[in-house]
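J.: Here is a sequence with its predicted model. Questions after.
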Amino acid sequence: MGLLVYIDGEYVTEEDAKISVFDHGLLYGDGVFEGIRIYNRRAFMLDEHLKRLYDGAKVIRLEIPLGFEEMKERVRETVRKNDISDGYVRLVVTRGKGDLGLSPFKCSNPSVIIIASTIKIYPDEVYEKGLKVVTVSTRRNNPDSLSPQIKSLNYLNHILAHLEVINAGADEGLMLNNQGYVTECVVDNFFAVKGGVIYTPPTNAGALNGITRQVVFKLCGELGLEIREENLSIVECYTADECFLTGTAAEIAPITYIDERPISDGTPGPVTVRLMKAFKDFRENNGVPID
Ligand code: PXG
């Protein structure tokens, strides 16, 4: 059986899950989204994901037609209806149907779409061997133009970067800002470890404040690991003791090569492995129950 997709208060089959060609989400990338993991029939970091969604919507003056608690319930219900125990929820809020002009105020009904499905995760060997990352020439959106904190429906900046990653035959890309500092990976946050201290670019350098990134800060606190937000040059990354990335899909994954340079000896480092283990324990025991 195919998926049952939630659209604006109804559950429809995959084939019937359609929106208007006049939706400004399609015409202008006008809307926000989230990707949420389900582990052990629990929605991981659900409140945090929804908070980011509602914050992004507020910034673009999009009034989500469901309240926070109701949205939470609809996410759980969609997961239940699709009988997902371990999977992935894509939550999309579009500006809704308007005319061919730019004005969001011509769109009276934002659409809420919830898709609960499974996720293709990296094979286990990626976590043992680590990822090969390349620096891409596409710069991260300047925060003055479009804040990286808005998880908007316009991902062209990342798609251009991802094309470069494919072209290079790499696993992920590092995106710099206009000053040449590292911001984040294409769809993941970036971390470097040096002298036992963990560094990650500050969000105002151009990094999304990732939910998994927030979990890493929490785990570092619990494990007594020092973590600092600092600007990082690409040279500092090449010469770090360890590097890793974090994201809803990737979780915590070691980076063992950047631009063909091995990080230390080109194998995952001890701090990364420790955090990966702590993350696994954390995700198994946290989250909002689906039932
Ligand atoms: N940076 C960017 C630009 C992202 O899009 C992250 C960092 C990691 O954030 P979280 O909150 O996931 O720890 C993201 C996350 C997708 C998809 O289907 C994208 C993300 C997450 C899940 C799915 O493209 N981006």
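T.: Done, it's in.

J.: Buried ones in the helix or strand bottoming out on mean pLDDT in the chain, by neighbour count?
T.: Least confident helix or strand, the chain: helix 124-129 with a mean of 93, by mean pLDDT, DSSP states H and E. Neighbour counts over helix 124-129 (16 or more other CB atoms under 10 Å) mark 126, 127 as buried. C-betas here are computed from N, CA, C, even on glycine.

J.: Who are the packing partners of it?
T.: For helix 124-129, the elements it packs on are strand 251-258, judged by 3 or more CB pairs under 8 Å, 6 or more residues apart in numbering; DSSP states H and E.

J.: quick one: contacts for the nearest residue to residue 61 once chain neighbours are set aside?
T.: Excluding the flanking residues, the one nearest residue 61 by CB to CB, 6 or more residues apart in numbering is residue 104, at 6.9 Å. By CB atoms under 8 Å, 6 or more residues apart in numbering, the residues touching residue 104 are 24, 30, 60, 61, 62, 95, 98.

J.: Would you mind listing what in the protein touches the ligand?
T.: Residues of the chain lying close to the ligand (CB under 6 Å from any ligand atom) are 35, 158, 184, 187-189, 208, 210-213, 246-249.

J.: helix/strand/coil for residue 88?
T.: Per DSSP: H, G, I helix; E, B strand; the rest coil, the secondary structure class of residue 88 is strand.

J.: So it sits against residue 120, correct?
T.: No. Using CB atoms under 8 Å, residue 88 is not in contact with residue 120, being 9.1 Å away.

J.: Of those two, give the one with the bigger neighbour count.
T.: Between residue 88 and residue 120, counted using other CB atoms under 10 Å, residue 88 has the larger neighbour count: 19 against 7.

J.: what pairs with that one across the strands?
T.: Taking DSSP bridges as the rule, residue 88 bridges to residue 37, residue 117.

J.: any idea how far it is from residue 207?
T.: 22 Å (CB to CB, to the nearest Å).

J.: Single out the residue in the stretch 51-200 of the chain that lies closest to the ligand.
T.: Residue of the stretch 51-200 of the chain nearest the ligand, by CB to the nearest ligand atom: residue 187 (4.3 Å).

J.: Shouldn't that residue be within a helix?
T.: No. Counting by three-state DSSP, residue 187 is not part of a helix but coil.
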